[in-house]
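here is my input; please provide its structure:
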Amino acid sequence: MDNFRLYDCGPKLYEEVAVLWRMIFFDMVLKALKYSVALFFFVLFQHISYGQPDVLERSYNRHKMLWTAFYINQDLGDQWEVELDIQHRRQNFGEDDWNFARFYQYQGYRAWLHFNPTNDFTISFSPLMYVHDVPISVDSWFEDVEEQDEFRFSLRMEKEYQHRFFNVSHRYGLEHRQISSDERPGYFWREWRARYLLRLTRPISSNTDLVFYNEAFLSFGSRIQYNVFDQNRTYLGLEFDAGDYLSFELAYMFQIIMQRSGDAFDSVNILYVSAKIRNLFGDR
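This next block holds a predicted model:
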């Protein structure tokens, strides 16, 4: 007892307190996210049912698109990771055109910083995304096309669960969007968008996964009157690992988009192809 000092147990005590704090914090976060899902979809379906003009006035446009993406990921130690993604999208012309890649529609560049406090929980921050796009096609879109620029900042949290038949992921996102104005050159409209994604993954071989997900989007801002329900995406595809550093995705995606007027919808059939390079500069 004479040789005992409080500071002798300092590092051990600090480590135990830190572990306890992380357990309490993440438990609170996950519980909040769990109950927020029900509220999210309640607001979504209420708005779809009652938030737009008379449903008899709604119109639907059908499109086909090709989405391509290229991802570069690099680990920075055991818990940190950086990512750069580059996206390019092309579209057809009119409902009867089967050339998915006829015209340019979208080009985007985004940087991510991922933090993994545990193996099944990820917090991600994107300090900047730049997008240049044109409207999804209608029969006369090229006659008076309105190009726009967008800058986007994003925060995401994702939790994974292991189940008997599928691995399940819940991903929650919040985006701040600044979109160039057609009426006021040099001015950017500011909007917020919340996203929720439910993902199911089933390994079907040693290097191939079957993946299904659905993602819902809700928008908020001064310009958002009718299209609080922004869009919904449904994805079914395969992910292939081609070694330790390279993987590919090939998928079909179906997207529903509500226009700002609230009385027009775009339904889009999408062929999605992506490639990812991991740890090009080695594990760190």
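
can you show me the helices along the chain?
All helices of the chain, identified by DSSP state H, fall at 10-50.

give me the low-pLDDT residue ranges for it?
Across the chain, the ranges flagged by pLDDT under 70 are 1-57, 137-145, 284.

and if we set it to 80?
Where the chain drops to pLDDT under 80, the residues are 1-60, 94-95, 135-146, 225-227, 260-263, 282-284.

what is the burial count for the closest residue to residue 130 other than its chain neighbours?
The shortest distance from residue 130 to any non-neighbouring residue, by Cβ to Cβ, 6 or more residues apart in numbering, is to residue 109 (5.1 Å). (Glycine included, C-beta is placed from N, CA and C.) Here the number of neighbours of residue 109 (other Cβ atoms under 10 Å) works out to 13.

do the one 4 residues further on as well
Residues lying near residue 113 (other Cβ under 10 Å) number 14.

give the bridge partners for it, please.
The partner list for residue 113 in beta bridges (DSSP bridges) reads residue 82, residue 125.

the one 5 residues further on too?
With DSSP bridges as the criterion, residue 118 is bridged to residue 121.

same question, residue 91
Counting by DSSP bridges, residue 91 is bridged to residue 65, residue 103.

for stretch 267-284, give me every contacting residue.
Contacts of stretch 267-284 with the rest of the structure, by Cβ atoms under 8 Å, 6 or more residues apart in numbering, involve 60-77, 100, 136, 235, 237, 244-257.

can I get the buried ones among those as something I can paste into ChimeraX?
Buried residues within the contacts of stretch 267-284, by 16 or more other Cβ atoms under 10 Å, are selected in ChimeraX with:
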select :61,63,64,65,66,67,69,71,73,74,75,100,136,235,237,247,249,251,253,255,256,257
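
which of the contacts of stretch 267-284 fall within strands?
60-75, 235, 237, 246-257 (DSSP state E).

how close does residue 119 get to residue 160?
Residue 119 sits 8 Å away from residue 160, going by Cβ to Cβ, to the nearest Å.

who's more crowded, these two?
residue 160 (16 against 9).

what sits against the closest residue to the more buried one other than its chain neighbours?
Of all residues not flanking residue 160 in the chain, residue 120 sits nearest, at 4.3 Å (Cβ to Cβ, 6+ apart). For residue 120, the contact set (Cβ under 8 Å, 6+ apart) comprises 159, 160, 161, 162.

residue ranges for the strands of the stretch 101-250 of the chain, please.
For the stretch 101-250 of the chain, the strands defined by DSSP state E, counting those that start in this stretch cover 103-118, 121-133, 148-162, 167-180, 188-205, 208-221, 229-241, 246-258.

in TSV, list those strands along with distance to residue 91.
Formatted as TSV, those follow (distance: least, Cβ to Cβ, whole Å):
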stretch	distance to residue 91
strand 103-118	4
strand 121-133	10
strand 148-162	15
strand 167-180	19
strand 188-205	22
strand 208-221	19
strand 229-241	15
strand 246-258	12
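
quick check: the residue nearest to residue 194 when sequence neighbours are not counted vs residue 255, distance?
What sits nearest to residue 194 in space, not counting adjacent residues and going by Cβ to Cβ, 6+ apart, is residue 218, at 4.7 Å. To residue 255, residue 218 is 15 Å away according to Cβ to Cβ.

next one: residue 171
Taking Cβ to Cβ, one finds residue 171 at 17 Å from residue 255.

same check, this time on residue 226
Residue 226 is 18 Å from residue 255, where distance means Cβ to Cβ.

related to what we said a few turns ago, which ones are touching the residue nearest to residue 130?
Residues in contact with residue 109 (Cβ under 8 Å, 6+ apart) are 84, 85, 86, 87, 129, 130.

show me what it is bridged to.
The bridge-partner assignment for residue 109, based on DSSP bridges, gives residue 86, residue 130.

picking up where we left off before, wait, the residue nearest to residue 194 touches residue 191, no?
No: between residue 218 and residue 191 there is no contact under Cβ atoms under 8 Å: 11.0 Å.

hey, what's the residue nearest to residue 194 bridged with?
residue 194, residue 229.

likewise for residue 266?
On the basis of DSSP bridges, residue 266 is bridged to residue 61, residue 257.

isn't it right next to residue 254, touching?
No: with contact defined as Cβ under 8 Å, residue 266 does not reach residue 254; the gap is 11.4 Å.

I am finished for the moment; much appreciated.
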